[in-house]
Structure formats: structure tokens, C-alpha cells
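Engineer: Pasting the sequence and the predicted model now:
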Amino acid sequence: MASNTLSGSRIVVIGGSSGIGKEVARQAAAAGAKVTIGSRSPEKLSQAAKEIGGIAAGAIDVTNEDSVRAFFEDIGSLDHLVVCPGDMATGSVYEMSMADVQNCLDTKIVGQMLCVRHAGRRISPNGSIVLIAGAAGFKPYPEMSITAAANVGIAGMGRSLAVELAPIRVNVVVAGMIDTPLWSPLPDDARQALFEQTAQSTPVGRIGQPEDVAPTVLHALDNNFVTGSVIHVDGGAVL
């Protein structure tokens with residue numbers, strides 16, 4: 001649980017309308033933070049804001065720099081930024097469409113960079129940034145080569161930014177397989193089979209929930225002696 005030092009702090013969660021980002025927003029608001037969430041879908045934003053209560057919401061397309069710029073101009077100053085992109089490319093390297101490849105890289109790499117670019121100068125000197133990556137970059141999975149490349153890229157970008165933006169702290173949280181809407185495009189039986197197979201090969205014997213990841217994100221925001229870290233929350237999956 002986050003300490004009360006987050007109470008009153010201004011936290012922006014990009015990708016905060018569902019999955020891990022939504023749970024981060026929920027727990028940050030419960031800790032007394034002033035939370036704003038952003039995502040592409042106005043409908044999901046409205047629903048998340050109603051569910052959590054007491055937070056602000058605004059539409060943002062992280063693949064469009066004008067949209068990112070306008071979002072953070074409206075936000076003004078902030079203390080902490082969490083960027084939780086929800087896109088991936090799957091399929092054989094021989095068959096993946098270039099549109100899927102580009103969307104993955106634009107969202108997970110370029111999108112995170114644009115958020116940092118337009119939020120960074122607005123973050124208080126004792127503030128922080130948390131970027132979210134996925135375990136696919138640290139444990140090989142078939143037909144996830146581009147997603148893996150993007151996740152490793154996020155980790156490298158975060159470590160470099162921790163040096164470049166100091167004293168603002170920058171950390172990366174690497175989430176394992178988490179039961180979120182990101183997997184909803186898969187047919188139900190295929191998704192269930194994937195979850196079961198992954199759970200069997202994971203030391204803790206299950207896949208994760210957003211509630212497993214959010215406390216680590218809040219810890220990275222809260223602890224002013226943590227920067228440049230790549231923190232795995234995956235039930236031991238990379239082992």
C-alpha cells in the first residue's frame with residue numbers, strides 16, 4: 001500500500017481507462033492523490049471515472065503528437081506520470097502485417113516517448129515517471145518478436161531517461177501476463193488455454209491481476225530513492 005506521501009500529489013495515468021492503468025488510478029485515488037486518466041476512448045474514460053470517483057479524465061492518442069501536446073497543456077503541472085500502453089503485435093514474423101508492427105511500436109515506444117516529452121518539463125523536481133513494459137521482452141515467446149522488441153526498448157528508454165531527466169525519477173515496471181482487456185481479441189477458448197499454460201509454467205502457479213501490479217507502480221512513485229530501476233512483477237515468469 002502506498003504511503004500517505006502520495007496524498008495530494010497530482011498523478012496522471014495514461015492508459016488509465018482499463019487494465020493495469022485503471023487499477024493504478026484507483027489505488028492512487030484511494031491514497032489521496034489527485035488523479036487524471038487519459039486514453040483514446042471517451043466511453044471507457046467516462047466509465048472508469050464513474051467507477052473510481054473523484055478523478056478527472058481526458059482523451060489522448062499517444063501516437064499523435066498534437067493530441068499528446070494538447071492533453072498535457074490542459075493538465076498543466078503534475079507530480080507523477082504513469083504511462084501504460086495497451087497494444088501489442090502478435091503472429092509469425094513472416095505474416096505480421098506492417099500495420100500491426102507499426103501500431104505496436106508507435107504505441108509502446110513512440111507513444112511513451114511523446115508522453116515524456118510533453119509532460120517532463122511540467123513534472124515537479126521531486127516527481128517521477130513510471131513506464132510500463134511487458135514480460136515478453138524478457139522471456140521469449142513465439143510469435144511475439146515485435147512486442148518483445150518494444151518491451152525491451154521501454155526498459156532501455158526508462159534507464160536512459162532516469163539519467164537524462166534527473167532529479168525527476170524514472171522507473172520501469174515490467175508486468176507479466178496479466179488478465180486485462182488487452183487479451184480480449186483472442187477467442188475465449190484460446191485465451192483460457194493461454195492463461196492456463198502460462199500459469200502452469202509460472203512459479204506462483206497463476207497469471208496476474210491488475211491488483212498485483214498497481215502497488216509496485218505506486219511504490220515507484222512514492223519511494224524517492226528508487227530511479228533507473230526495471231522492476232519485474234510477473235510471478236517469477238522470467239525464471
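Structural biologist: Perfect, thanks for sending it. Numbering: from 1, shown residues only.

Engineer: Would you confirm that residue 168 contacts residue 122?
Structural biologist: No - Residue 168 is beyond contact range of residue 122, at 10.5 Å (criterion: C-beta atoms under 8 Å). Glycine gets a C-beta too; all of them are placed from N, C-alpha and C.

Engineer: quick one: which of the two has more around it?
Structural biologist: More crowded of residue 168 and residue 122, by other C-beta atoms under 10 Å: residue 168, with 23 against 17.

Engineer: the longest helix in the chain is where?
Structural biologist: helix 145-164 (DSSP state H).

Engineer: got the angle for the helix or strand just after it vs helix 145-164?
Structural biologist: Going down the chain from helix 145-164, the next helix or strand is strand 169-175, by DSSP states H and E. Our comparison of strand 169-175 with helix 145-164, counting by axes from the mean of the first three to the mean of the last three C-alpha atoms, to 10 degrees, yields an angle of 160 degrees.

Engineer: residues in contact with the residue nearest the centre of the chain?
Structural biologist: Taking C-alpha atoms, centre = their mean, the centroid of the chain lies closest to residue 84, which sits 1.9 Å from it. Taking C-beta atoms under 8 Å, 6 or more residues apart in numbering, we find residue 84 in contact with 13-16, 19-21, 24, 132.

Engineer: residue furthest from the geometric center of this protein?
Structural biologist: residue 94 (28.4 Å).

Engineer: the bottom helix or strand of this protein by mean pLDDT?
Structural biologist: helix 188-200 (a mean of 79; mean pLDDT, DSSP states H and E).

Engineer: The longest strand along the chain pairs with which strands, parallel or anti?
Structural biologist: Longest strand in the chain, counting residues (DSSP state E): strand 123-134. Partners of strand 123-134 in the sheet, by DSSP bridges, are strand 78-83 (parallel), strand 169-175 (parallel).

Engineer: Redo the ones you listed as JSON lines? Include mean pLDDT.
Structural biologist: Formatted as JSON lines, the strands paired with strand 123-134 follow (pLDDT from 0 to 100):
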{"stretch": "strand 78-83", "mean pLDDT": "98"}
{"stretch": "strand 169-175", "mean pLDDT": "97"}
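
Engineer: Would you reformat those strands as TSV and include mean neighbour count?
Structural biologist: Formatted as TSV, those follow (neighbours: other C-beta atoms under 10 Å):
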stretch	mean neighbour count
strand 78-83	25
strand 169-175	25
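
Engineer: That'll do, ta.
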